[in-house]
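# Predicted model and sequence follow; I will ask about them next.
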Amino acid sequence: MSSLDKKQQPRSWGRYPKVEHSRVQTVYWRSEIPDLEHFEQSLLPYGYGRSYGDSCLNDGGISLDMSHLRRFISFDEDEGILRCEAGVSLAEILELVVPRGWFVPVSPGTKFVSVGGAIANDVHGKNHHKAGTFGCHVTRFELLRSNGQHLICSPFENSELFSATIGGLGLTGIILWAEIRLKPIVNPYIDMESIQFSSLNEFIQISAETDKKYEYSMSWVDILIGEKDICRGIFMCGNNNQSREFVHKPVGKKLPLAVPFDFPAFVLNTFTVKAFNELYFHKQLSKSVHKVVPYEPFFYPLDSIHEWNRMYGKRGFLQYQFVVPFEGGFAAMAEIIGRIRRSGEGSFLTVLKTFGSVRSPGMLSFPRPGITLALDFSYGGKKTLQLLDELDEVVRQSGGVVYPAKDARMSAANFQAFYPQWQEFAQYVDPHFSSSFWRRVSFSEELVTV
Amino acid sequence: MRILIIGATSAIAYETAKCFAKDGVEFFLVARSAEKLVDVGNDLKVRGAKRTETYVLDVNELDRHQEMIEAAIEALTGLDMVLIAHGTLGDQEKCQRSVEETLKEFTTNCTSVISLLTILADYFEQQRRGCIAVISSVAGDRGRQSNYVYGAAKGAVTVFLQGLRNRLHRSGVAVITIKPGTVDTPMTASLKKGLLFASASRVGQGIYEAMKNRKEVVYLPWYWRPIMFIVRSIPEPIFKKLSLG
């Protein structure tokens, strides 16, 4: 088998690590899937490569390209139940359903993810405090195991595999199609409020006050401001606009920009990040601003810049997201932000949000009640890895967890401490499936000594 | 609007059909695999098609063409447009070693198309309106050593369409020759993807527009027109020495 050239190698969004798959096997039709048992190397489904770390990579193994399995199957427009193949992207769903008065129930910060990927990572969005994760809205899906079994999984049928597959990082088999429950909307606009806050305390206060009132919320934060206030930022919250008048108001389409080449490593540094933060924080002149905006810039501000990940240069970047429980979370958050600031590693885009208590059916699901912070670190070798290891410790001690879908480096010990249910999950992993992530975190010292 | 699509599960036909589905058209979809037809039919229905009928046929069964076309006309109570999109990219080297292989490729890519067109031309001529679009190829513009069996079949289709266009012009029927360049589809999965490769969705959109606007000869994407102009202009004594991909 000829090896893939560099450009054909599946990559993750952070472009770190760069691994070498033995080959890519494309799946074009549900009725024409090759016999999975007959492959010699392990398999891993891959959609649009929007996972940040190595959970969508399979070093030395086979990457199953699912992006051609992108057909709709049925749409009940009265009930909002959509069934589609796993490679359909949320962008395609939105294009289809928004004009018909429906919306995806949960959406991550990019619409360029596949339905299969949204399930496998049990993604969350700005409405987690109200709606839970994507997996909460999946009514059923078909899972193909390597032994050739086609299983319909739902909360009532093959429910263990249903719950292992939601947040199961693609390890339980191939999701062929899924059925999801959409959310009704009146028009494609959002009533949005942006509120400046100047400390972590204030964020928590605003969050508590607005969470009941607003369906969607998230905050952009600047963590480089100093000890006392810990962070400042802009709290953005919103609800679907309810005005009938806006139903046919045309939404102006902006042409997408693209980052045309890899930026040199020095472009993003503490200085430029500080300058950007200063400008961004003061972009609104008053404390609170109210606007009606189309849904796209509200949900997907970065989707308008294609390949923005190239800003981090050739070496790529690491995304780090964790959640700490409300109780004791403030101290842990303060500690973590302090460490990052002192390390001099600037995070270009930092997002803060509170998670609610809606439980996901996913066995290995990440979100849980508490405060979550997501940061990007340009990959700077050992120094960066060491900082993140230190942060893992703080998260672990506070009773929090780190998000596997964005991870490229956490230790097996930490993963197993974060997710004590991992061994139960491991029973449902398909024997022919694996990933770079899974081999790293399921590593057990006991097994080695046997 | 009622459209018959032959080779409806091919990537380019499917992308074209997606565009038409949004307009709420009625489809009669023909392909070899019943399972794939169901997948495509359901998808187009969700995307807005008013109706989708499917019909399983291997186009190499030439004697079933009449029956299939009659079924389409009956099911949709008439036809406004036809898109002939089926084809195979045969193995040139295998063809060179086997007469049987060469003739099989020729039947799929040329004879079957001519058979279908002969039946359809009469229908549209009598109806005195409508549109017939056929996917030929830039490979039919000039024979090259790397794929001249495929190229010759497509070239024959192109010439047949020229004549048919001339004949049906008087009846107000549009005949459209679509010449895609290299397109990223399952048919070309084994080829190395160069700069000139276009996505199936871009080409599908182009076909949709060409059919709506009743074009004549369309290169897709557009840059193949100047490229093929140059390729056709190279004098034969020089051309025979070249090894174009």
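Arrived safely. Residues are numbered from 1 along each chain as shown, chains lettered A, B, ... in the order given.
# contacts and neighbour counts: CA atoms only from here.
OK.
# If we go by neighbour counts, what in the helix or strand harbouring residue A:424 is buried?
Secondary structure from DSSP states H and E places residue A:424 in helix A:422-426. By 16 or more other CA atoms under 10 Å in any protein chain shown, the buried positions in helix A:422-426 come out as A:422, A:425-426.
# How about the contacts made by the residue in the stretch 51-200 of chain A that chain B sits nearest to?
Closest approach between the stretch 51-200 of chain A and chain B, counting by CA to the nearest CA: residue A:72, at 4.5 Å. When contacts are counted by CA atoms under 8 Å, 6 or more residues apart in numbering or on different chains, residue A:72 touches A:83-85, A:88, B:42-44, B:46-47.
# Output stretch B:39-56 in PDB with nothing but the alpha carbons.
Provided in PDB are the C-alpha atoms of stretch B:39-56 (Å, rounded to 0.1, in the frame of the first residue of the first chain):
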ATOM      1  CA  ASP B  39     -30.600   6.900  -0.400                       C
ATOM      2  CA  VAL B  40     -30.500   9.600  -3.100                       C
ATOM      3  CA  GLY B  41     -34.300   9.600  -3.500                       C
ATOM      4  CA  ASN B  42     -34.900  10.200   0.300                       C
ATOM      5  CA  ASP B  43     -32.200  12.900   0.400                       C
ATOM      6  CA  LEU B  44     -33.800  14.800  -2.500                       C
ATOM      7  CA  LYS B  45     -37.200  14.600  -1.000                       C
ATOM      8  CA  VAL B  46     -35.900  16.100   2.300                       C
ATOM      9  CA  ARG B  47     -34.300  18.800   0.300                       C
ATOM     10  CA  GLY B  48     -37.500  19.800  -1.300                       C
ATOM     11  CA  ALA B  49     -38.300  17.600  -4.300                       C
ATOM     12  CA  LYS B  50     -42.000  17.400  -4.800                       C
ATOM     13  CA  ARG B  51     -41.700  13.700  -5.800                       C
ATOM     14  CA  THR B  52     -39.000  11.100  -6.400                       C
ATOM     15  CA  GLU B  53     -39.600   7.900  -8.400                       C
ATOM     16  CA  THR B  54     -36.800   5.400  -8.800                       C
ATOM     17  CA  TYR B  55     -36.000   2.800 -11.400                       C
ATOM     18  CA  VAL B  56     -33.300   0.200 -11.400                       C
END
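# quick one on the thing from earlier: name the surrounding residues that touch the helix holding residue A:424.
A:164, A:363-364, A:416.
# And stretch A:122-140, by the same measure?
Defining contact as CA under 8 Å, 6+ apart, one finds that stretch A:122-140 is touched by A:105-109, A:118-119, A:152-155, A:162, A:166-167, A:178-182, A:211, A:215-218, A:299, A:353-362, A:365-367.
# show me where the chain has helices.
Defaulting to chain A. A:90-97, A:115-120, A:128-131, A:159-165, A:200-210, A:270-281, A:295-299, A:329-343, A:382-397, A:412-418, A:422-426, A:436-441, A:445-449 (DSSP state H).
# actually chain B
Per DSSP H, chain B carries helices over the ranges B:11-22, B:34-46, B:65-75, B:92-97, B:99-106, B:112-127, B:148-168, B:200-212, B:224-233, B:236-239.
# what about residue A:5, distance to residue A:24?
11 Å (CA to CA, to the nearest Å).
# who wins for proximity to residue A:53 among the helices of chain A?
helix A:436-441 (8.1 Å; CA to CA).
# Which residues outside the closest one are in contact with it?
By CA under 8 Å, 6+ apart, helix A:436-441 touches A:54-59, A:407-408, A:410-413, A:415-416.
# are any of those residues buried, and which?
Buried among the contacts of helix A:436-441 by 16+ other CA under 10 Å: A:54-59, A:407-408, A:410, A:412, A:415-416.
# Find the pair from those with maximum spatial separation.
A:59 and A:416 (21.5 Å).
# Where does the prediction get shaky in the chain?
Let's take chain A. Within chain A, the segments meeting pLDDT under 70 span A:1-3, A:252-256, A:265-268, A:445-450.
# was after chain B, sorry
Ranges of chain B meeting pLDDT under 70: B:245.
# Centre-most residue in it?
residue B:135 (2.4 Å; CA atoms, centre = their mean).
# Grab the nearest non-local neighbour of that residue.
What sits nearest to residue B:135 in space, not counting adjacent residues and going by CA to CA, 6 or more residues apart in numbering or on different chains, is residue B:178, at 4.7 Å.
# right, and the one you found touches residue B:217 too?
Yes. Look at residue B:178 against residue B:217 with CA atoms under 8 Å: they come within range, at 6.1 Å.
# Looking at these two, which one has more neighbours?
When residue B:178 and residue B:217 are compared on other CA atoms under 10 Å in any protein chain shown, the one with more neighbours turns out to be residue B:178, at 27 against 18.
# Contacts only, for that one.
B:133-137, B:207, B:217-220.
# nearest to chain A, of the residues you listed?
Closest to chain A, out of all of the contacts of residue B:178 and judged by CA to the nearest CA, is residue B:207, at 20.0 Å.
# Nice, that's everything, thank you.
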